[in-house]
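In: Give the three-dimensional model of this entry:
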Amino acid sequence: MPKFKKNPSINWKLPTIIFTATLLFIMFLIPSIIVVPFKEDNKATQASIETAVTKETKKAVESLESPFQVNVFRTEENEVEEIPLEEYVINVVASEMPAEFELEALKAQALAARTYIVRFLKQGTDEGLPADADVTDTVQHQVYKNNDELRQIWGTDYHWKMEKITEAVAATQGEIITYEKEPITPAFFSTSNGYTEDSENYWQNALPYLRTVESPWDEELSPKFLDQTVLTVAQVEQKLGVNLSNQVQDFQITRTDSKRVDQATIGGKTFTGREIREKLALPSNDFTITKKNDHYVFTTKGYGHGVGMSQYGANGMAKEGKNYQDIITYYYQGTTIQPLEQAAPTLLAKSE
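Out: The predicted model follows:
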């Protein structure tokens with residue numbers, strides 16, 4: 001049986017290997033011992049900060065004086081949510097305008113939101129709502145999302161966005177827009193085609209404060225300024241209830257001073273620009289039409305009905321240093337900003 005000779009070098013190498021292994025173990029172990037508590041401390045610190053921010057925001061909201069409650073019918077839940085006026089305004093602004101917009105634009109939106117609900121409640125319009133509801137949470141009135149819904153939408157941005165919007169609402173607390181001492185219809189929309197529209201060109205009533213004004217900021221700032229909708233000939237015929245000869249000449253168009261379509265005769269049938277926009281689901285009623293094979297291409301400018309305040313225009317004005325009063329009196333011609341108690345004392349009396 002063969003014998004193996006002992007290697008004398010192993011005797012001095014073994015302690016070296018053990019020492020090296022021990023050193024490596026310590027090098028990996030100690031950082032992990034140090035880092036894990038730090039990570040947990042960071043998480044705890046972040047949670048503490050978020051809790052503090054939430055408390056501060058909540059305190060700021062609660063400090064706002066609301067002269068009455070707004071009963072909002074939540075369409076998805078089929079229930080009524082009772083909300084203090086100023087808190088309602090905060091959540092409407094949060095739902096209707098990007099929080100990334102300039103503070104002065106958010107203030108203008110707050111005035112529009114507050115004016116809308118005040119005017120609506122003052123009129124006491126019955127629109128088939130449940131008996132204990134004032135408005136819905138949809139575009140039928142104003143879009144409203146509560147704090148839980150906004151947290152889901154905004155995620156980690158919730159705190160700074162809510163703080164900013166709360167600041168805008170607090171700065172305009174109790175103010176509304178009036179014309180001849182009465183709350184106005186504070187129409188607004190996303191993006192103009194470079195001009196706003198006279199109210200009677202989209203709706204029936206001619207309101208003196210909803211006049212055409214230039215809005216040059218939208219083209220540069222809004223991602224919605226230019227768009228295209230492609231429809232087949234068959235789709236256009238079906239949606240408009242007409243027969244087309246497959247030629248662009250089938251469309252005869254007249255325009256308003258704001259360059260939007262006033263009327264269009266299509267396949268021998270006459271429509272308003274609004275009707276075409278709604279039937280074809282176009283972003284705007286400023287459109288041009290081109291023919292491509294068996295399709296019609298509708299190129300639109302702007303997004304929304306075009307009456308009142310352009311939100312991207314308001315943001316553009318704010319970027320140029322204009323304040324919310326400037327924005328309001330520009331888009332709502334001849335109006336003034338008044339305290340709620342002066343403009344709607346009867347509404348306040350009802351809530352007492």
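In: shouldn't L64 be in contact with I83?
Out: No - with contact defined as C-beta atoms under 8 Å, L64 does not count as touching I83 (11.8 Å). All C-beta atoms are positioned from the backbone trio N, CA, C, and that covers glycine.
In: the more surrounded of the two?
Out: The neighbour comparison of L64 against I83 (other C-beta atoms under 10 Å) goes to I83, with 20 against 17.
In: G124 versus the spatially closest residue to G313 that is not a sequence neighbour, what's the distance?
Out: Closest residue to G313 apart from its sequence neighbours, by C-beta to C-beta, 6 or more residues apart in numbering: S215 at 3.8 Å. Counting by C-beta to C-beta, to the nearest Å, the gap between S215 and G124 amounts to 33 Å.
In: Of those two, which one has the most company?
Out: For S215 versus G124, neighbours defined as other C-beta under 10 Å are more numerous around S215 (25 against 9).
In: Surely that one and T196 touch.
Out: Yes - judged on C-beta under 8 Å, S215 makes contact with T196 at a distance of 5.8 Å.
In: Just give me the neighbour total for P223.
Out: Here the neighbour count serves as a burial measure; for P223 (other C-beta under 10 Å) it reads 9.
In: quick one: it is in a strand?
Out: No - assessed with DSSP: H, G, I helix; E, B strand; the rest coil, P223 is coil; it does not lie in a strand.
In: how close does it get to Y331?
Out: Noted for P223: a distance of 21 Å to Y331, by C-beta to C-beta.
In: Repeat that for F251.
Out: 31 Å.
In: Please identify which of these two sits among more neighbours.
Out: Counted by other C-beta under 10 Å, F251 and Y331 do not tie: Y331 has more neighbours, with 29 against 19.
In: quick one: contacts for the nearest residue to the more buried one once chain neighbours are set aside?
Out: Counting by C-beta to C-beta, 6+ apart, the nearest residue to Y331 once its immediate chain neighbours are dropped is M309, at 3.9 Å. Listed by C-beta atoms under 8 Å, 6 or more residues apart in numbering, the contact partners of M309 are 108, 112, 186-189, 196, 327-328, 331-332.
In: Swap in 10 Å and give it another go.
Out: Contact partners of M309, counting by C-beta atoms under 10 Å, 6 or more residues apart in numbering, are 105, 108-109, 111-112, 177, 186-189, 192, 196, 210, 213, 215, 317, 327-328, 330-332.
In: Over to T138?
Out: The neighbours of T138, taking C-beta under 10 Å, 6+ apart as the test, are 73-76, 144.
In: in a helix, that's where it is, yeah?
Out: No - the secondary structure assignment for T138 gives coil rather than a helix, going by three-state DSSP.
In: And it, its phi and psi?
Out: The phi and psi torsions at T138 (degrees, to the nearest 10) take the values phi -120, psi -180.
In: And the helices in the stretch 201-350 of the chain, which stretches?
Out: For the stretch 201-350 of the chain, the helices identified by DSSP state H, counting those that start in this stretch occupy 218-221, 233-240, 273-280, 311-319, 324-331, 340-343, 345-351, in order along the chain.
In: Quick check: which of those is buried the most?
Out: Of all the helices of the stretch 201-350 of the chain, helix 311-319 has the most neighbours on average by mean count of other C-beta atoms under 10 Å, namely a mean of 25.
In: okay, that helix in CSV with CA atoms only?
Out: Listed in CSV are the C-alpha atoms of helix 311-319, where the atom choice follows Å, rounded to 0.1, in the frame of the first residue of the first chain:
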residue,chain,number,x,y,z
GLN,A,311,-56.2,76.0,-18.5
TYR,A,312,-53.0,75.8,-20.5
GLY,A,313,-53.5,79.5,-21.3
ALA,A,314,-53.9,80.3,-17.6
ASN,A,315,-50.7,78.4,-16.9
GLY,A,316,-48.9,80.3,-19.7
MET,A,317,-50.0,83.6,-18.2
ALA,A,318,-48.8,82.5,-14.8
LYS,A,319,-45.4,81.6,-16.2
